[in-house]
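[1] the amino acid sequence is not available; the structure is as follows:
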């Protein structure tokens, strides 16, 4: 079985009761809202990753004001390529930071993994089609657990 590790850094940017999210095509082409952020490049510091990814996906420059927590997700997926099917043991590590917008202008990413960036009222997030990481990160942002992890 093939093993795949992905380390990614994400930003929770909240301003005036609104959170900054990016829209991704999602599985099956159904759009879903995600935190701005993404995968670390080899040799890149996660702090630099989140600053770069937010700029790429939203057009904003941010200051990182704190580490909210670290998440870990493991999935085994069966992938089919032509006549062959193969299982992949995927392990994702998500580093979540708090970010404050300090410059730039809101815009959509061009040629990337997202196609729109927008501010959403915190009270309306539960009604959005979103990835579970949005809820986990918001809980970390609200509760600030000392261990940097949302209890099960």
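    That came through fine. Since the structure is predicted, the reported quantities are computational estimates derived from the model, not experimental observations.
[2] ok, residue 41 touching residue 48?
    No. The criterion here is Cβ atoms under 8 Å, and residue 41 misses it with residue 48 at 9.0 Å. C-beta coordinates here come from the backbone N, C-alpha and C atoms, glycine included.
[3] neighbour count: those two, which is higher?
    With neighbours defined as other Cβ atoms under 10 Å, residue 41 and residue 48 compare such that residue 48 has more, 14 against 10.
[4] wasn't that one part of a strand?
    No. With DSSP: H, G, I helix; E, B strand; the rest coil as the criterion, residue 48 is located in helix rather than a strand.
[5] what score does it have for pLDDT?
    Looking at residue 48, its pLDDT reads 97.
[6] next, the contact list for the residue nearest the centre of the chain, please.
    Note on the chain: the residue nearest the mean C-alpha position is residue 35, at 3.8 Å, using Cα atoms, centre = their mean. Shown in contact with residue 35 (Cβ atoms under 8 Å, 6 or more residues apart in numbering): 10-12, 21-22, 96, 131, 133-134, 137.
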